[in-house]
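>>> Give the three-dimensional model of this entry:
(2 chains)
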2 protein chains.
Amino acid sequence: MRDPEKTRAQILSAAFDTIYRNGFRASSVKEIVSKAGVTEGAFFHYFHTKDDLGYALADEVLKEMMLDRWTRPLAAYENPVQGMIVRFRKLMESTSDEDLSLGCPLNNLTQEMSPVDQAFRDKLREVLGLWVDETERYLKKAQARGYLKPGVNPRQVAEFAVMAEEGSAAMVKNLGDRRLYWSLYESFRAYMLSISSKPNLVH
Amino acid sequence: MRDPEKTRAQILSAAFDTIYRNGFRASSVKEIVSKAGVTEGAFFHYFHTKDDLGYALADEVLKEMMLDRWTRPLAAYENPVQGMIVRFRKLMESTSDEDLSLGCPLNNLTQEMSPVDQAFRDKLREVLGLWVDETERYLKKAQARGYLKPGVNPRQVAEFAVMAEEGSAAMVKNLGDRRLYWSLYESFRAYMLSISSKPNLVH
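Numbers count the residues shown, from 1 in each chain, chains lettered A, B, ... in the order given. Okay, here's the model as predicted:
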């Protein structure tokens, strides 16, 4: 017998790949079940409609992906400001050329579906809002530990940093130029150091 | 008799409005000619296909709009760094709530059409590239006039500034929160001042 949790995860993973490449509306349930190796019956057992699948993609897959890539790793740094600089660089280095040309999956789904569907809009906003909230939480820790200048507003920095993390992926995609990522990284780093109270301790 | 240049401009203006609201693929020639108050015959006299209209929209309307909004006004500033800060603020203040929720027309058309059409991709990249080039040109002037720190790379700053100008509009749209624009403006300003050699002369 199949493990129901595993089947559901297989469908979500196949849906992520298909939708990341072709967009939500251009991806069919047929394509997704064929990639997942399950029947349409199984698909509709887990997701009543294709929209429900899309909502689960936002709520679960994209949210977890954002947390794993951008904010959870910050827990490992005594200085979260340094963590943010290192993560920006590591994500840039580990992203394949294909993924760079496809851009950020959260941004793509937002751009496609938020203007036409309220439920997508709410769920995608929640993911982006959580990204800012979690970044702010680590910046507050950085400030409490003396790594962020006392006059700096952690919420304001979190909003600008998430804008730069998302905006950089979009610009690299739009100009089709991997080299640009290095330039944006250097500026992101310079900005973070300009608000840091111990810039000499950041590598 | 109609003025042919005026008719063509009317069609492009109606096309901009329609496509900005509904996207390129969801906008029909019928809708555009009805909004422009011209016949379909007139439309196809100026643009052989709907794609040709889209290319003219990128090449002419979006390019001119970008230059008018972001870079040409910098010529009026003795210190272009200050000009960039003031323009960011003025554009934020003058954008209606509706336009904020629709986002940047260049970014929207790029996101929709660049992945599916090479000619769109080339033309839209040209507009974004020109935005960076023109910004760099003014930053070089700023550096020559002693307003930008000597060690700062004007190309790198131009790339980061355009990313922030585009990225801020996208984030305000995605979170549906006008207040956020003020926060992003404050950080943009702080970043520009951090690379400025006469920050006390910037208001």
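>>> mind listing what the residue of chain A found nearest chain B touches?
In chain A, the residue found nearest to chain B is A:Gly167; the distance is 2.2 Å by CB to the nearest CB. (Glycine included, C-beta is placed from N, CA and C.) Contact criterion CB atoms under 8 Å, 6 or more residues apart in numbering or on different chains gives B:163-164, B:166-168, B:170-171 as the residues in contact with A:Gly167.
>>> what's near enough to touch the residue most central in space within chain A?
Residue closest to the mean C-alpha point of chain A, counted by CA atoms, centre = their mean, is A:Met66 at 3.5 Å. Taking CB under 8 Å, 6+ apart as the criterion, A:Met66 is in contact with A:106, A:127, A:130-131.
>>> Can you say which of those residues are buried?
Using 16 or more other CB atoms under 10 Å in any protein chain shown as the burial test, the contacts of A:Met66 include A:106, A:127, A:131 as buried.
>>> and which of those residues is nearest A:Val86?
When these are compared for distance to A:Val86 (CB to CB), A:Trp131 wins out at 17.3 Å.
>>> Now do whichever strand or helix holds A:Leu128, average pLDDT.
Secondary structure here is read from DSSP states H and E; on that basis A:Leu128 sits in helix A:118-144. Helix A:118-144 shows an average pLDDT of 98 in the prediction.
>>> Briefly note if that helix comes near chain B.
Yes - judged by CB under 8 Å from any CB of the partner chain, helix A:118-144 and chain B are in contact via A:121, A:124-125, A:128-129.
>>> Ranking by neighbours, what's the top pick from those residues?
Within the residues of helix A:118-144 next to chain B, A:Leu124 tops the neighbour count with 28 neighbours, counted by other CB atoms under 10 Å in any protein chain shown.
>>> And the contacts of stretch A:86-96?
Residues lying outside stretch A:86-96 but in contact with it, judged by CB under 8 Å, 6+ apart, are A:69-70, A:73-74, A:77, A:165, A:168, A:181-182, A:185, A:188-189.
>>> Wait, a helix at A:Phe24?
No - per DSSP: H, G, I helix; E, B strand; the rest coil, A:Phe24 lies outside any helix segment and is coil.
>>> who's in contact with it?
A:Phe24 makes contacts with A:54, A:109, A:112-113, as judged by CB under 8 Å, 6+ apart.
>>> biggest separation within those residues, which pair?
Set against one another by CB to CB, these have their most distant pair in A:Gly54 and A:Glu112, with a gap of 9.9 Å.
>>> Those two: who's more crowded?
With other CB under 10 Å as the criterion, A:Gly54 and A:Glu112 differ in neighbour count, and A:Gly54 comes out ahead with 24 against 21.
>>> From B:Ala190, how far off is the residue nearest to the more buried one when sequence neighbours are not counted?
Closest residue to A:Gly54 apart from its sequence neighbours, by CB to CB, 6 or more residues apart in numbering or on different chains: A:Phe24 at 5.6 Å. Here the criterion is CB to CB, to the nearest Å. By it, A:Phe24 lies 37 Å from B:Ala190.
>>> Wait, A:Arg155 touches A:Asp133, no?
No - taking CB atoms under 8 Å as the contact criterion, A:Arg155 and A:Asp133 are not neighbours in contact, 9.1 Å apart.
>>> Do a quick rundown of the helices in chain A.
Across chain A, reading from the start of the chain, the helices by DSSP state H fall at A:4-22, A:29-36, A:40-46, A:50-56, A:63-66, A:80-94, A:97-102, A:105-113, A:118-144, A:154-175, A:179-194.
>>> of all these, which lies closest to B:Ala15?
For B:Ala15, the closest of the helices of chain A is helix A:105-113, at 20.3 Å, according to CB to CB.
>>> is that closest one up against chain B anywhere?
Yes - looking at helix A:105-113 against chain B by CB under 8 Å from any CB, the contacts come from A:107-108, A:110-112.
>>> So for that helix, mean pLDDT?
This predicted structure assigns helix A:105-113 an average pLDDT of 96.
>>> Please apply the same query to stretch A:193-203.
81.
>>> now it, how far from the centre of its chain.
Averaging C-alpha coordinates over stretch A:193-203 and over its chain gives two centres that are 25 Å apart (CA atoms, centre = their mean, to the nearest Å).
>>> Do any residues in it lie close to chain B?
Yes - contact of stretch A:193-203 with chain B is found when judged by CB under 8 Å from any CB, involving A:194-195.
>>> quick one: contacts for A:Thr7?
A:38, A:42, A:46.
>>> from the contacts of A:Met66, which is closest to B:Ala58?
Within these, the smallest distance to B:Ala58 is 25.6 Å, found for A:Leu106 (CB to CB).
>>> Can you mark which positions in stretch A:88-99 are buried?
For stretch A:88-99, the buried set under the neighbour-count rule, 16+ other CB under 10 Å, comprises A:88-89, A:91-92, A:95.
>>> how many neighbours does the closest residue to A:Lys141 other than its chain neighbours have?
If you skip the residues right next to it in sequence, A:Lys141 has A:Pro80 as its closest partner in space, 5.6 Å away by CB to CB, 6+ apart. Residue crowding around A:Pro80 was assessed by other CB under 10 Å; the count is 26.
>>> Then A:Ser187?
24.
>>> Now it: closest residue in space, sequence neighbours ignored.
Distances taken as CB to CB, 6+ apart place B:Phe160 nearest to A:Ser187, at 3.5 Å, with adjacent residues excluded.
>>> my guess is the one you found contacts A:Trp182, does it?
No - contact between B:Phe160 and A:Trp182 fails when scored by CB under 8 Å: they sit 11.6 Å apart.
>>> out of those two, which sits in the more crowded spot?
Here B:Phe160 and A:Trp182 are compared on neighbour count by other CB under 10 Å; more neighbours surround B:Phe160, at 30 against 15.
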